[in-house]
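J.: coordinates only, sequence not included:
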C-alpha cells in the first residue's frame, strides 16, 4: 500500500533524486520547497517530464513558515526533512538566516509532524559537521592525504559532539531536537549524519557540493580555488546509496526510531579533495587543470570519514557504488547536461 510522503527540499539535489525513486514505485508525494537554489527549477521540470505534472503535488513554501509547513504535513505518513541552509561559509556570513532555516525550520517540521496527529515517520538529514574539528583525535599526514591514527573504521556515532561554525550549531540543534522528539513525544524520528553526498542533479557550487563543483568547473572551464592544502580527506556517498538508507529506515522503523546513524562512503570510499581527486579529474577530462590556492576556511576538517558499521548492523545498509564508478557517472551526467551550467 502506498504511503504519503512529504519531502522538504524536494526539488533540491537529494530531494529530487529521492522523489524520483518514490514516484517510480507508486508512492504519493508532496514536494515542499522554496526554490531558492539555482538547480531546483531544472529538477522540478525533470520530474514533470518523467512522471507528468499531476503525478505529485508541489507546495512552494519555506520551513521557516510554521503555518505553511503545518498545513502541508497534515496527511503525511513519512516526512523526509532535507530543506535548509547547506553551506558553512554562508552560515558564517549570515548566521541568523542559517539558524532560522536549520534550527527553527527543523523545529517547525517536528511541530508540524506532531500537530498532524498521524505520528508520521520523520527522517532528518543531519551532517558530519556536528562532530566539529575532532581536535582530540590524532592525525597522520601522508603525501596525498591526512588520516586518522587510531580510528581505522572512521568516526563513530559515539564521538563527542562539538558544533563548529554556525552551520554546525544550527544543524546540531536540529539533530538533537529530532532525537528528543522521539523520547519526549514518541515521534518515530531518525537522524542521519551525512557525509559528502554526490550524484546526478547536483548543481554544486564552490561553497557546497565539492565533488560536483569541481567536475562542473572543469568541464565548463570555470576558475577553481583550492582552500587549505588540498589533502583534506572526505568519504563520499552516492545519492542512490543514501536513498537506500532512507528506505531502510522507513521499512525498519521499529529498529531505527530514535536512533542516530552515520551515513557516508566509509573508509573504503575516501579521497583527498584535490591531491587525489585532482589527478582523477584531470584523467577524466584529458588535460591539466590550473587552480588557484586559498587559505583554510572556517570549519574545514582536515579529515572526516564515517564509521558506518551501526547502519550496517541495524539496518542492513552499506554503500554499493564505489567512488570510482560514482565519480565517472557524475562526470558523464555533467558532460551530457552542459546546457544547465
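T.: Nice, thanks for sending it over. Model, not experiment: these values are computed from the prediction. Numbers count the residues shown, from 1 in each chain.
J.: before we move on, which element is residue 124 in?
T.: strand 121-127 (DSSP states H and E).
J.: my bad, should have said residue 68
T.: Going by DSSP H and E, residue 68 is in helix 66-72.
J.: in this structure, which helix or strand is least confident?
T.: Within the chain, no helix or strand scores below helix 88-93, which has a mean of 92 by mean pLDDT, DSSP states H and E.
J.: other SSEs contacting that helix?
T.: In terms of contacts (3 or more Cβ pairs under 8 Å, 6 or more residues apart in numbering; DSSP states H and E), helix 88-93 is packed against helix 95-99, helix 165-185. To be clear about C-beta, it is placed using only N, CA and C from the backbone, and glycine gets the same treatment.
J.: in terms of secondary structure, what does the last one contact?
T.: It refers to helix 165-185. Helix 165-185 packs on helix 88-93, helix 95-99, helix 105-116, strand 121-127, strand 189-194, going by 3+ Cβ pairs under 8 Å, 6+ apart.
J.: what's near enough to touch residue 18?
T.: 7, 10, 80, 82, 239, 243, 246 (Cβ atoms under 8 Å, 6 or more residues apart in numbering).
J.: the residue nearest to the fourth one when sequence neighbours are not counted: how many residues sit nearby?
T.: In this structure, residue 82 finds its nearest non-sequential neighbour in residue 9, 3.6 Å apart by Cβ to Cβ, 6 or more residues apart in numbering. If you count neighbours by other Cβ atoms under 10 Å, residue 9 ends up with 26.
J.: in what helix or strand does residue 215 lie?
T.: helix 210-220.
J.: name the residues of the next helix or strand after that helix that come out as buried.
T.: Using DSSP H and E, the helix or strand that follows helix 210-220 towards the C-terminus is strand 225-227. Using 16 or more other Cβ atoms under 10 Å as the test for burial, strand 225-227 gives 226-227.
J.: for strand 225-227, name the packing helices and strands.
T.: strand 292-294.
J.: sheet partners, orientation included, of the strand it packs on?
T.: Sheet pairing for strand 292-294, assigned by DSSP bridges, gives strand 225-227 (parallel).
J.: that older thread, chain center to the strand holding residue 124: distance?
T.: 10 Å (Cα atoms, centre = their mean, to the nearest Å).
J.: what sits up against that strand?
T.: By Cβ under 8 Å, 6+ apart, the list of residues contacting strand 121-127 reads 14, 77-82, 84, 106, 109-110, 113, 167-168, 171-172, 174-175, 178, 181, 187-194, 246, 249-250, 253, 257, 260.
J.: can we see that at 6 Å?
T.: 78-82, 113, 171, 175, 178, 188-194, 246, 249-250, 253 (Cβ atoms under 6 Å, 6 or more residues apart in numbering).
J.: in that strand, what's buried?
T.: In terms of neighbour count (16+ other Cβ under 10 Å), strand 121-127 has its buried residues at 121-127.
J.: report the angle between it and helix 165-185.
T.: Here strand 121-127 runs at an angle of 160 degrees relative to helix 165-185 (axes from the mean of the first three to the mean of the last three Cα atoms, to 10 degrees).
J.: hmm, who's touching the very next helix or strand once past strand 121-127?
T.: Once the chain leaves strand 121-127, the next helix or strand it forms, by DSSP H and E, is strand 139-141. Residues external to strand 139-141 that are found in contact with it (Cβ under 6 Å, 6+ apart): 146-147, 149, 303.
J.: parallel or antiparallel, list what pairs with the next helix-or-strand element following strand 139-141.
T.: The first helix or strand that comes after strand 139-141 along the chain, using DSSP H and E, is strand 146-148. If you go by DSSP bridges, strand 146-148 pairs up with strand 139-141 (antiparallel).
J.: give the buried residues for the strand it pairs with.
T.: residue 139.
J.: and the furthest pair within the buried residues of strand 121-127?
T.: The span of the buried residues of strand 121-127, defined through Cβ to Cβ, is set by 121 and 127 at 20.2 Å.
J.: right, I'll call it a day here.
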